[in-house]
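Chemist: One predicted model, sequence on top.
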Amino acid sequence: MQYHDAKLLATAANESQWPKSDLCEIVFAGRSNAGKSTLINGLVNRKNLAYSGKTPGKTRLLNFFIVDNRVVFTDAPGYGYATSDAKSALAFEKLIDPYFTKRKQLRGMVLVADVRRVPNEDDITMAEYAKKSHLSIIVACTKADKLGSSAVKANMKKIAEVLGVNERLCVPVASLKKQGMDQLWEMIERLIEQYENR
């Protein structure tokens, strides 16, 4: 597994704190317990770059990580717990909505979904956010090592169907075992190249 140079670029609670950058950005979004931080750490071959809190969904910030001086991974707060009440949902929306609508270098979303679970309303809403913002979507189906290959394949088909995306955009991953990382990187690389060649 190739090592990727990665570091925290900025942590932002609002638009004024977004980092100044013209690199391609990919946002990582997903349920609080879907394995988003573990996935980001797995992609850059680091253990503790993205923080995974003991209490899911408590992070209310956008964390920007610069990778190989070529792309910025934006770690969005896990939703579910973060949108469990009206006040939290509003705070989440105020953080996310401007980023999706105003950040011009944002080109793609890696939607992190537990392969064992059918997408819920929050997952569907996030996919719709991406489509509305004309972002390319990649669905990282995490925890693929917890099921047999036939179950993973069947579940990914269902996930794609519920989210309204092409099944080819779904990648089975097991972050700690590095399964699916190369395939996911290939898809991210295509987004970076499209941005650089615009």
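Modeler: Received it, and whenever you're ready, just let me know what you need. Numbering: from 1, shown residues only.
Chemist: Please give the element, helix or strand, for the nearest residue to P119 once chain neighbours are set aside.
Modeler: Of all residues not flanking P119 in the chain, V162 sits nearest, at 4.5 Å (C-beta to C-beta, 6 or more residues apart in numbering). C-betas here are computed from N, CA, C, even on glycine. Secondary structure assignment for V162, by DSSP states H and E: helix 149-163.
Chemist: where does this structure have low pLDDT?
Modeler: 1-3, 51-59, 81-85 (pLDDT under 70).
Chemist: Would you point out which residue is most central in it?
Modeler: F28 (1.8 Å; C-alpha atoms, centre = their mean).
Chemist: Contacts for the helix or strand encompassing that residue next, please.
Modeler: Using DSSP H and E, F28 maps to strand 24-30. Residues from elsewhere that reach strand 24-30 (C-beta atoms under 8 Å, 6 or more residues apart in numbering): 36, 39-40, 64, 70-76, 78-79, 99-100, 103, 105-113, 123, 126, 135, 140, 188, 191-192, 195-196.
Chemist: Touching, the residue nearest to P119 and V118? I think so.
Modeler: Yes. Contact status for V162 versus V118: in contact at 6.1 Å, counting by C-beta atoms under 8 Å.
Chemist: ok, the two, which is more surrounded?
Modeler: Between V162 and V118, counting by other C-beta atoms under 10 Å, V162 is the more crowded of the two (15 against 12).
Chemist: dump the residue contacts of the more buried one.
Modeler: Per C-beta under 8 Å, 6+ apart, neighbours of V162: 118-119, 123-124.
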